[in-house]
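Engineer: I'd like to go over a predicted model; first the sequence, then the structure.
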Amino acid sequence: MTVEITAESFDPYARLRDFQQQRLNSAQYGAEAVFVGYMRDQNNGVPVSAMTLEHYPGMTEQHLEAISASAATQWPLQQSLIVHRIGNIQPGEAIVLVAVWSAHRAAAFDACRYIMEDLKAKAPFWKKEQRVDGERWVEQNTPGYTGKNQD
Amino acid sequence: MTVEITAESFDPYARLRDFQQQRLNSAQYGAEAVFVGYMRDQNNGVPVSAMTLEHYPGMTEQHLEAISASAATQWPLQQSLIVHRIGNIQPGEAIVLVAVWSAHRAAAFDACRYIMEDLKAKAPFWKKEQRVDGERWVEQNTPGYTGKNQD
Amino acid sequence: MTVTVKFFASLREQLGQHEIQVDLDGSECTVQEIWRRATEAKQLPANVLASINMAYAKLDAPVHDGDEIAFFPPVTGG
Amino acid sequence: MTVTVKFFASLREQLGQHEIQVDLDGSECTVQEIWRRATEAKQLPANVLASINMAYAKLDAPVHDGDEIAFFPPVTGG
């Protein structure tokens, strides 16, 4: 169970490989589910040139560790990794990486999504977009389980 | 929409990076959901030293392309990638990679899982395990939606 | 009519053959009849799956000249 | 009693402050009372969230000496 908050741009695939090599034996877990969220260059058709991600230091880490621990009590997980960017972000850069390893694919899928939805709903991060029409705080995240066209 | 059947060991992260660099613009899709299945070194406690994966050439590709197309009609996807090993496989090696890119995280999660479950249930692959007690064909896959302890 | 018949995995091993050509009288028959002709009327395993031209087919589906029929056990990929 | 009060994101910008110390009489009060004291009784936005010592808290939850109280808008990470 690892939680990282980083102000540096990160390569999700390189991070996954490092984590796997250091912390895991792929002959044991069988199933890996990963979600990566990237910064898009527009929001509802309005170009977004950059983003600033603010967080609540301390509470963020506590909350993400609690989500990871909660997932580990609900599903048989071998490992989980959450990486979240803060600070200034450029379009195309990874914002969030959630990865879960388990012997069971249902557990990996379910736990990865559970962590991601809880993070979106409750982890204390806030996005401010730099748009052609000025700066704008993103007002809320859309729920992720309720249909085929949610964000 | 890309489907690959390979008799060579593949690095899922390297494959994802190559695909992303060649086929995608991460400022556009926002959400990436990935599943990787690896060969485990045991099955229900019995050590498995290697595995042979047989397939039905032609039907496999057709079926996986049909799954990908079906997912693309159900969810707003930007791209999908399926890579599946055949031939002789060693414990710890990746067997299957399913990745889906979308502007929407619910679509990415749902489509990735849909493709993976359909692949497990219908794509014409067969596993034969080399075990301490001899060779054994794996008899069936377990369903992936029905609980917290499925394979 | 002539069809190609393929067997995979455990079925291929049990029957000792992977691919054969089968000649039949007439211009149509069923998948089940193909099995009987291709295996010398061996018992059809309860969980066997079949395809016609690489698409899943039921055992009573019609088969025509030139078709490729395959029989195989439950799939276990992924 | 003395508590630390933090504001984040749009709330931080609107109020023009990130972190302040608030001194109050007594040994207990509610989160809502902390807001009033910390903001000179500004109107509490309807969707504001609050935490006590980095755990989500309701507006009527009790606050004690030394606690860290935070107010922030709906979260938008991920």
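Structural biologist: Done, it's in.

Engineer: mean confidence score for stretch A:70-85?
Structural biologist: Confidence for stretch A:70-85, expressed as mean pLDDT, is 97.

Engineer: so how far does that stretch reach from one end to the other?
Structural biologist: End-to-end distance for stretch A:70-85, by Cα to Cα, to the nearest Å: 22 Å.

Engineer: which parts of it are buried?
Structural biologist: Using 16 or more other Cβ atoms under 10 Å in any protein chain shown as the burial criterion, the residues of stretch A:70-85 that qualify are A:71-72, A:75, A:77-85. For the C-beta atoms, the positions are set from N, CA and C on the backbone; glycine is no exception.

Engineer: residues of the longest helix seen in chain A that come out buried?
Structural biologist: Identified as the longest helix of chain A according to DSSP state H is helix A:105-122. Within helix A:105-122, the residues that count as buried by 16+ other Cβ under 10 Å are A:105-120, A:122.

Engineer: what about the helices in chain A?
Structural biologist: Here chain A has its helices, by DSSP H, at A:12-23, A:26-29, A:59-74, A:105-122.

Engineer: Any idea which of those helices has the lowest pLDDT on average?
Structural biologist: Minimum mean pLDDT among the helices of chain A: helix A:26-29, a mean of 88.

Engineer: For chain B, what's the nearest residue on chain C?
Structural biologist: Residue of chain C nearest chain B, by Cβ to the nearest Cβ: C:Gly77 (2.6 Å).

Engineer: per-residue confidence for that residue?
Structural biologist: According to the model, C:Gly77 scores 97 on pLDDT.

Engineer: Not including adjacent chain positions, what is the nearest residue to it?
Structural biologist: Nearest residue to C:Gly77, sequence neighbours excluded (Cβ to Cβ, 6 or more residues apart in numbering or on different chains): B:Phe125, at 2.6 Å.

Engineer: Same question for C:Arg37.
Structural biologist: Using Cβ to Cβ, 6+ apart, the closest residue to C:Arg37 is C:Val22 (5.2 Å).

Engineer: Buried residues, the helix or strand where that neighbour lies. List them.
Structural biologist: With elements taken from DSSP states H and E, the one containing C:Val22 is strand C:19-23. For strand C:19-23, the neighbour count (16+ other Cβ under 10 Å) marks C:Val22 as buried.

Engineer: helix, strand or coil for the closest residue to chain D within chain C?
Structural biologist: Chain C approaches chain D most closely through C:Gly78 (28.0 Å), counting by Cβ to the nearest Cβ. Following DSSP: H, G, I helix; E, B strand; the rest coil, C:Gly78 is assigned to coil.

Engineer: ok, which residues in chain A are in contact with chain D?
Structural biologist: Proximity of chain A to chain D, by Cβ under 8 Å from any Cβ of the partner chain, involves residues A:37, A:53-56, A:58-59, A:62-63, A:84, A:95-96, A:116, A:119-128, A:137-141.

Engineer: Look at A:Ser102 and say how many residues are nearby.
Structural biologist: Residues near A:Ser102, counting by other Cβ atoms under 10 Å in any protein chain shown, number 27.

Engineer: State the distance from the nearest residue to it once chain neighbours are set aside to C:Tyr56.
Structural biologist: When the adjacent residues along the chain are set aside, A:Ser102 lies closest to A:Ala108, with 4.4 Å between them (Cβ to Cβ, 6+ apart). Distance, A:Ala108 to C:Tyr56, using Cβ to Cβ, to the nearest Å: 28 Å.

Engineer: Repeat that for A:Val46.
Structural biologist: 47 Å.

Engineer: who has more neighbours, the two?
Structural biologist: Neighbour count, other Cβ under 10 Å: between A:Val46 and C:Tyr56, C:Tyr56 has more, with 14 against 11.

Engineer: Work out for me the element the more buried one sits within.
Structural biologist: Per DSSP H and E, C:Tyr56 falls inside strand C:55-57.

Engineer: any bit of that strand sitting next to chain B?
Structural biologist: Yes - contact of strand C:55-57 with chain B (Cβ under 8 Å from any Cβ) involves C:55-56.

Engineer: What is whichever helix or strand comes after that strand packed up against?
Structural biologist: As assigned by DSSP H and E, the chain's next helix or strand after strand C:55-57 is strand C:62-64. Applying 3 or more Cβ pairs under 8 Å, 6 or more residues apart in numbering or on different chains; DSSP states H and E, we find strand C:62-64 packed against strand C:28-30, helix C:31-38.

Engineer: so who does C:Pro73 touch?
Structural biologist: B:126, B:137, B:139, C:8-11, C:45, C:47-49 (Cβ atoms under 8 Å, 6 or more residues apart in numbering or on different chains).

Engineer: Weed out the non-buried ones from those.
Structural biologist: Buried among the contacts of C:Pro73 (16+ other Cβ under 10 Å): B:126, B:137, C:8-11, C:49.

Engineer: residue contacts, A:Gln42?
Structural biologist: A:Val48.

Engineer: Look up how far A:Gln22 lies from it.
Structural biologist: Per Cβ to Cβ, A:Gln42 is found 37 Å from A:Gln22.

Engineer: And A:Ala31, by the same measure?
Structural biologist: 19 Å.

Engineer: between the two, who's got more neighbours?
Structural biologist: Counted by other Cβ under 10 Å, A:Ala31 and A:Gln22 do not tie: A:Ala31 has more neighbours, with 27 against 8.

Engineer: Looks like that one contacts A:Ala103 (just checking).
Structural biologist: Yes - using Cβ atoms under 8 Å, A:Ala31 is in contact with A:Ala103, at 6.8 Å.

Engineer: my guess is the residue nearest to C:Arg37 meets C:Arg36, correct?
Structural biologist: No - between C:Val22 and C:Arg36 there is no contact under Cβ under 8 Å: 9.9 Å.

Engineer: before we move on, back to that, among the helices and strands packed on strand C:62-64, show me which one is buried the most.
Structural biologist: Of all the helices and strands packed on strand C:62-64, helix C:31-38 carries the top mean neighbour count, a mean of 19, counting by mean count of other Cβ atoms under 10 Å in any protein chain shown.

Engineer: Could you export that one as PDB, CA atoms only?
Structural biologist: Below are the C-alpha coordinates for helix C:31-38, written out as PDB (Å, rounded to 0.1, in the frame of the first residue of the first chain):
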ATOM      1  CA  VAL C  31     -22.900 -29.200 -37.100                       C
ATOM      2  CA  GLN C  32     -23.800 -32.300 -35.200                       C
ATOM      3  CA  GLU C  33     -23.700 -34.400 -38.300                       C
ATOM      4  CA  ILE C  34     -20.300 -33.100 -39.100                       C
ATOM      5  CA  TRP C  35     -19.100 -34.200 -35.700                       C
ATOM      6  CA  ARG C  36     -20.500 -37.700 -36.300                       C
ATOM      7  CA  ARG C  37     -18.800 -38.000 -39.700                       C
ATOM      8  CA  ALA C  38     -15.500 -36.500 -38.500                       C
END
